[in-house]
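**Student:** here is a sequence with its predicted model. Questions after.
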Amino acid sequence: MSDQIVFGAECTWWGTSAEAPDGVCPQCGGQLNTLPGETAWLARAQQIAAESVGLPVDYVELVGWLRDRCLPSLDAAVTAYQQEVGP
Ligand SMILES: [Zn+2]
């Protein structure tokens with residue numbers, strides 16, 4: 001059985017439930033949502049990618065990069081990703 005995936009309701013942080021033992025984002029203390037595992041997490045990312053027409057980066061790659069990174073919004077995440085990884 002794989003670990004549950006938890007992700008910020010109001011920030012971009014995500015990881016396994018074991019990485020957020022307090023049930024909140026370990027970086028900002030924000031609320032987390034839960035998915036049953038990495039398969040569901042990837043399916044969600046792919047669905048959002050399909051819906052994110054006009055997003056300047058590949059959403060699935062962005063999400064992979066966002067692991068354990070707490071940013072306040074998708075816009076902030078895209079900006080930080082482009083600064084570090086490139087467009
Ligand atoms: Zn956070």
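**Tutor:** Yep, that arrived. Residues are numbered from 1 along each chain as shown.
**Student:** contacts for the host helix or strand of Thr34, please.
**Tutor:** Per DSSP states H and E, Thr34 falls inside strand 32-35. Surrounding strand 32-35, the residues in contact under the criterion Cβ atoms under 8 Å, 6 or more residues apart in numbering are 4-9, 13, 17, 20, 23-25, 41, 44. Heads up, the C-betas are built off the backbone N, CA and C, glycines and all.
**Student:** okay if I get those residues as a markdown table plus distance to the ion?
**Tutor:** As requested, the contacts of strand 32-35 are exported to a markdown table (distance: Cβ to the ion, whole Å):
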| residue | distance to the ion |
| --- | --- |
| Gln4 | 17 |
| Ile5 | 15 |
| Val6 | 11 |
| Phe7 | 9 |
| Gly8 | 5 |
| Ala9 | 9 |
| Trp13 | 4 |
| Ser17 | 15 |
| Ala20 | 10 |
| Gly23 | 13 |
| Val24 | 8 |
| Cys25 | 3 |
| Trp41 | 16 |
| Arg44 | 18 |
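**Student:** filter those to the buried ones?
**Tutor:** Buried by 16 or more other Cβ atoms under 10 Å: Gln4, Ile5, Val6, Phe7, Gly8, Trp13, Ala20, Val24, Cys25, Trp41, out of these.
**Student:** which positions within stretch 26-45 qualify as buried?
**Tutor:** Using 16+ other Cβ under 10 Å as the burial criterion, the residues of stretch 26-45 that qualify are Pro26, Leu32, Leu35, Trp41, Ala45.
**Student:** kindly list the longest helix within this structure.
**Tutor:** Of all segments of type helix in the chain, defined using DSSP state H, the longest is helix 38-51.
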